Every structure is written in structure tokens, then in C-alpha cells.
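S.K.: only the shape, not the letters, is given here:
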């Protein structure tokens, strides 16, 4: 039989996370306090994060130990499998070899618990009683709800209104794991009330939901904030994906020519891609590709500049690719990946030309997801379909050129609770929406003036 699944035993769960910072070609820009417009200090971040996570956020160590208690919980689904997509290769008629790392085996059905568990762990150690967080499509909200349940923490999730309405079963998952789920913008925070005063029918955005969660955490002594993407420590925790994948590709006797991950805030892409950046820094010839939607084209149409992480300008200011903190994705966008900014680490690597980025339309993504499901049997999360689309494009190019190529992508979750988006696709109501340049320029006009 041809090998289909490439598995690792539990004792091969990584014992350390990989920190990409030492392998950057240029130093990261400082994170700026939104009030003083000066570099933040650890004390500035203590109202939001436990000290252990702050230390990870600024660490220059290449390898950071994973606590045994965290590894023990990760063992419920890690190591996750790598699949060789033989049936998909046959369906596409490509000479390319296609592999995918499947993160849908976690209890929440996505890669997000990889960081939710350590974030809840460190908060528990430092006496936090409640976590405030936000979620867009719901993968992060369900994951932090799960992790809080594991460590006996209360959890409040501000869920972007349009996703709250489009993805009701994600809300149900969060409630099942004990979270209080609020439709954002709410009337419970100053940030939410300000948005509703301007637009009572606001669809919400991740920037708004972040503002509400940050305000909640900052105004309650027993509460801290958790974020599911963007930050350095979040990208760090996700590198278990790529570290495992490198071992699995070695077992298969193969190495990828191109590594692909979808991109919203950056954790999904970073998880698979960052460990391969270490190889690239050591001279290995590998392309690393981030794929985003044309309706939220942060990496491909944004600017590399300082911007707020949230709409209400409460979160720290980072240098990143951004569409502007006032960016509002269209309600018709069903594929997730809605954040206005990008992880500073991903942004720095793109700006330096170490990684690549492309934007794709949601109709083409869902076409690829359907073909993938019919060949491989797994129903992909809409977010993951962006990586699938790019993998298809690479495989079809190999077919056109008559060249062999090895493709590895991150299938970051399953779509079992996202079937409304597939229903919309099958009914023909999904359409591509390319965000207008004029709207982007208007949003970019409100960037903060940071002199660094």
C-alpha cells in the first residue's frame, strides 16, 4: 500500500517552541503605547497579560521550553497527522506531490487550541480568575473557552456580530465549554457604545471586538486578555505544527518546495511556516506562502507601518502590514480571515522578502474546498480553503510546466460547524468582493503618527 498517513508517537510532541526572532534579518520595531506613543514596558502590559507571556513576547531565545502540563494536554490530539493527498493528486492530474498537515483533530476542530492551552495555563499560574477575549469566525473563541474550562477559568468572548449570526454553532460550542458569548459591538463597554452610537447596525469587526475585550480586561483586576493570533507568543505556540511536520516529511523521505498557510492575523501561517524559515535561514531552498482573501487583503494591499491593533485605539501600536484600524470587511465575506492587520513577525518577514503573499477570491476558494472534500473526504474550514486554493494553483502550474514539485499546506481545521457558508456557495449566493482601493486609502488615513 502507498503511505497515506504519516504519524508520530506522543513522545514526539515538541518539547520546545521555536522562536523565529533570532532568525530575522532585521530587528523588530518596538511596540508603542497607544497613550504615550513611547515604547511599551513590561509593566504597561501587566494589566492585560501574565508575566510569563510578556517574557515570551520579547524573548530572543530561539528555543523556549513547553511546560510538561501543557504537553500533557496537547497529547489529547498531538502530534497531528500529515496526509499524502494521493486521491487529490490523481483528481488534478498533477505530477506534484501534495501533503497537508491536518489540525482539525483537536477538540475544537482547529489549530487554535495550540496556543489557547498555554495561555490559559500561564494565566492560571499567576492567579487570573477570568479571561476576556474576542473571536471572529469562532475557532479562537471555542478554543479559549475549551482551555479555560480545562483550567477552571471563567471566560467572556466578544464575537463579531456578523459571525455571531452566520456561525451560530460556533457560539454553541463556546457556551458548551462554559463561556459567556456576547455579540460585538455590545452596549456593555465604552468601545462598543461608541461604535453603536455611530452605526446602530454595525456588523462588527475584529478590531472592535478586540477593543471591547481589552477594555473588559483592563477594567477588572481579576481578568486578563487573551488573543488568538498576531502576537509573538501566539505565533511561538503554534510552531508545534511546523516542527512536527518537518519530522513527518523526513519520515516520508520528502521535503517541500513550497509551504502554504492561510493568513488572517498570522498564527495559522506562522505555525506551519516559521519552522521552515529556520531551514531557509540555513540555506535551504523553500518558498513559504501566505494566502489571504481579496476582500481583506492585508498583506497584498496594506502598508507596512505603525497602527493600532484595535478600532478604539486601546491596544498597543505595532509595525505591521495593515489596512487601517478602521477597516470593516464586507458582510458577504464568508471565509473568515477578517483582521485589518497582520502579525508583526509575519509582516517583517514579508517586508524582507523572506516569505511571499497572495490574495484569492472566496468563490475560487470554495470551489477548491469542494473538490478537496470530494477527493480526500475531509470538509475544510472556510479559512483553510485559502491554503487549499493556493496548493491547487501550485499543483496545476506543475502540471502545466510538466515539473515535479512537493507541496505542503496547513489544513488548519474542519468545516463541520461552518456548513452555512457551503450552503451559500451551493446556492450561488457567494460572490467575490475585492475591497476597493479608495476605501483602503481612506482607512489608512487614520494611522497614528509614530516617529521611530
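M.R.: Nice, thanks for sending it over. Just so you know, these numbers come straight off a predicted model, no measurement behind them.
S.K.: residue contacts, residue 215?
M.R.: Contact partners of residue 215, counting by Cβ atoms under 8 Å, 6 or more residues apart in numbering, are 189, 190, 191, 312, 314. No exception for glycine: its C-beta is placed from N, CA and C like everyone else's.
S.K.: doesn't the third one fall inside a strand?
M.R.: Spelled out, it's residue 191. No - counting by DSSP: H, G, I helix; E, B strand; the rest coil, residue 191 falls outside a strand, being helix.
S.K.: burial count for it?
M.R.: 27 (other Cβ atoms under 10 Å).
S.K.: my read: it touches residue 208, true?
M.R.: Yes - counting by Cβ atoms under 8 Å, residue 208 is a contact partner of residue 191 at 6.8 Å.
S.K.: mutual contacts of the two, please.
M.R.: 185, 310, 311, 312.
S.K.: next, the third one: secondary structure please.
M.R.: Secondary structure, three-state DSSP: residue 311 is coil.
S.K.: pLDDT at it, what is it?
M.R.: We note a pLDDT of 81 for residue 311 in this prediction.
S.K.: doesn't residue 195 make contact with it?
M.R.: Yes - counting by Cβ under 8 Å, residue 195 is a contact partner of residue 311 at 7.1 Å.
S.K.: what residues are shared contacts of those two?
M.R.: Listed as contacting both residue 311 and residue 195 by Cβ under 8 Å, 6+ apart are residue 208.
S.K.: turn the contacts of residue 215 into CSV, columns for distance to residue 358.
M.R.: As requested, those are exported to CSV (distance: Cβ to Cβ, whole Å):
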residue, distance to residue 358
189, 36
190, 39
191, 33
312, 31
314, 32
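S.K.: got a quick ChimeraX command for the buried subset of those?
M.R.: One line in ChimeraX is enough to select the buried members of the contacts of residue 215, burial here meaning 16 or more other Cβ atoms under 10 Å:
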select :189,191,312,314
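S.K.: mind listing what's buried in stretch 389-399?
M.R.: In stretch 389-399, counting by 16+ other Cβ under 10 Å, buried: 389, 390, 391, 392, 393, 394, 395, 398, 399.
S.K.: now stretch 253-273
M.R.: Buried, per 16+ other Cβ under 10 Å, within stretch 253-273: 256-273.
S.K.: what packs against the host helix or strand of residue 368?
M.R.: Assigned by DSSP states H and E, residue 368 belongs to helix 362-376. Applying 3 or more Cβ pairs under 8 Å, 6 or more residues apart in numbering; DSSP states H and E, one finds that helix 362-376 contacts helix 86-92, helix 384-401, helix 419-427.
S.K.: how far out from the middle of the chain is stretch 275-283?
M.R.: Remark: stretch 275-283 is offset 21 Å from the chain centroid, using Cα atoms, centre = their mean, to the nearest Å.
S.K.: same question, stretch 343-363
M.R.: Its chain's average C-alpha position is 13 Å from that of stretch 343-363, according to Cα atoms, centre = their mean.
S.K.: show me the helices in the stretch 151-300 of the chain, by range?
M.R.: Using DSSP state H, counting those that start in this stretch, the helices of the stretch 151-300 of the chain run over residues 161-166, 168-176, 190-198, 206-218, 232-238, 240-251, 267-281, 298-301.
S.K.: which helix or strand in this structure has the lowest average pLDDT?
M.R.: Across the helices and strands of the chain, mean pLDDT, DSSP states H and E gives its lowest value to helix 437-444, namely a mean of 84.
S.K.: please point out which parts of that helix sit buried.
M.R.: In helix 437-444, the ones that count as buried by 16+ other Cβ under 10 Å are 440, 443, 444.
S.K.: nearest to residue 177 among these?
M.R.: residue 443 (34.7 Å; Cβ to Cβ).
S.K.: spatially nearest residue to the closest one, not counting backbone neighbours?
M.R.: residue 324 (3.0 Å; Cβ to Cβ, 6 or more residues apart in numbering).
S.K.: report pLDDT for the one you found.
M.R.: So, for residue 324, pLDDT stands at 92.
S.K.: quick check, it in a helix?
M.R.: No - remark: residue 324 does not belong to a helix; assigned using three-state DSSP, it is coil.
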